[in-house]
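A.B. asks: Okay, predicted coordinates and the sequence, questions at the end:
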Amino acid sequence: MRLVTDEERRARLGVRHALPPTAKAASPEEAARAVVCLHATDPPSVHLSCWARVDALDIDDVERALYDTRSLIRQQSMRETLFVFPRDLVPAVWGSASARVAAAHRKRLVRDLQRWGPAAEGQGAAWLATAEEAVLAHLADGVPRSSKRVREEVPEAAGVIEQAPDKSWGGRIAIAPRVLTQLSLDGAVARAANAGAWYTSRPTWTTTQAWWGAEVPEALATRQGYAELVSRWLWSYGPGTVDDLAWWFGGTKSAVRTALDDIGAQRVSLEDGSVGWLREDDLAPVLAAEPWVALLPLLDPTVMGWKARAFYLGAHAPQLFDSAGNAGTTAWVDGRVVGAWVQDPGGVVELRLLDDDVSPQAREALAAEARRLSAWLDGQRVFTVYPSPAMQPGAGR
């Protein structure tokens, strides 16, 4: 087997993820395609991930792709996480990762409706089916609505689940948002326009038919969908291990191995001794681009792309992820993470370097990138519920 060194993996990471100056993407759509899809759990991350990969990008460029041309589609899928996908990839997602999550979500929702909600024992599935039909009928007029409006206007989906009333982690949970989530996972409804600013999450909902504005494609068959996603992942992130792929998909190793076989993926050896995989049309070595730096946002696809991350994180993982495994902001030099970044009270971007051996040239390049990001944000602070230890006051160098 061909050996793919960590150095080559870092070279591939930079070039394929559109991070060096000569490898930049030309549009938000190309930026998303470079990393398969963009993490969208933290609202500003979609825009900031595009900013890091597209020169001369405006916030309106991302908003246009999300809400006007709708060439980028928000879809909850792998690991029950919200992503932004290129439009043409969504049918593969519906048939594979979203379908897997949808089945698990439906099972939990039916159980909760019966245990803590309005449905009698054994009637949860019927209660949910009635609510889904009513919501779809109400949204059929094509008018996007918030989950609050759906709850107010569709009595069949109203009410709450009194989850674990005797536990400290319990509480009242509105049913309507969970019904909308289920319909979205099933591909029946779509997240429409955002009712708030670009850095907030105030989604509205409509039918998939209304949002796509054309004939909605059929979901791919499960096996075909996984094969398509694995093929795209390998191009952007390969080489990767079966463990990397199974983690990224939130799926089974069996499904990953089947997909690797379906696309004719080829084994390679990684520097840590494990077996990785590349697409059969991507076996040639990839050379490093020119020196580069990048400032990436929380949960950026690059830092979240693999399960085994030592080849680009080194020993810094405990400083860059919170206790739930969410990645904070990251500062990169030539394929390695060397620190994080934060904003001061005035919105100015500050670096929190963790490496002592960052060269003076790289430090200046990172400082220039921080100034560029500060100017782009123009005083707007982007807050998060996922601060890493490196983002805390007093961290870094």
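C.D. replies: Yep, it's here.
A.B. asks: list the contacts for Val101?
C.D. replies: 76-80, 185, 250 (C-beta atoms under 8 Å, 6 or more residues apart in numbering). In this view, the C-beta of every residue, glycine as well, is placed from N, C-alpha and C.
A.B. asks: name the element Ser269 belongs to?
C.D. replies: strand 266-270 (DSSP states H and E).
A.B. asks: Quick check: the nearest residue to Leu13 once chain neighbours are set aside vs Asp6, distance?
C.D. replies: Using C-beta to C-beta, 6 or more residues apart in numbering and skipping the chain neighbours, the partner closest in space to Leu13 is Gly335 (5.1 Å). Noted for Gly335: a distance of 9 Å to Asp6, by C-beta to C-beta, to the nearest Å.
A.B. asks: of those two, who's got more company?
C.D. replies: Gly335 (25 against 15; other C-beta atoms under 10 Å).
A.B. asks: Is that one in contact with Thr5, as I believe?
C.D. replies: No - applying C-beta atoms under 8 Å as the test, Gly335 and Thr5 come out as separate, 11.7 Å apart.
A.B. asks: thinking again about what came up before, check what pLDDT the residue nearest to Leu13 gets.
C.D. replies: Looking at Gly335, its pLDDT stands at 97.
A.B. asks: In contact with it, which residues?
C.D. replies: 9-11, 13-14, 288, 312.
A.B. asks: so which pair among the residues you listed is furthest apart in space?
C.D. replies: Ala288 and Tyr312 (13.3 Å; C-beta to C-beta).
A.B. asks: Who has more neighbours out of these two?
C.D. replies: Using other C-beta under 10 Å, the more surrounded residue of Ala288 and Tyr312 is Tyr312, with 20 against 17.
A.B. asks: quick check, distance from stretch 256-272 to the centre of its chain.
C.D. replies: Centroid displacement of stretch 256-272 relative to its chain, using C-alpha atoms, centre = their mean, to the nearest Å, is 23 Å.
A.B. asks: Which residues belonging to that stretch are considered buried?
C.D. replies: Residues of stretch 256-272 classed as buried by neighbour count (16 or more other C-beta atoms under 10 Å): 256-260, 263, 265-266, 268, 270.
A.B. asks: Next: stretch 105-119.
C.D. replies: Per 16+ other C-beta under 10 Å, stretch 105-119 contains these buried residues: 105-106, 109-110, 112-114, 116-119.
A.B. asks: same thing with stretch 364-383?
C.D. replies: 365-366, 369-370, 373-374, 377, 382.
A.B. asks: Would you mind giving the residues you listed as JSON lines with distance to Glu29 added?
C.D. replies: Shown next, in JSON lines, are these (distance: C-beta to C-beta, whole Å):
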{"residue": "Ala365", "distance to Glu29": "27"}
{"residue": "Leu366", "distance to Glu29": "27"}
{"residue": "Glu369", "distance to Glu29": "23"}
{"residue": "Ala370", "distance to Glu29": "27"}
{"residue": "Leu373", "distance to Glu29": "22"}
{"residue": "Ser374", "distance to Glu29": "26"}
{"residue": "Leu377", "distance to Glu29": "22"}
{"residue": "Val382", "distance to Glu29": "22"}
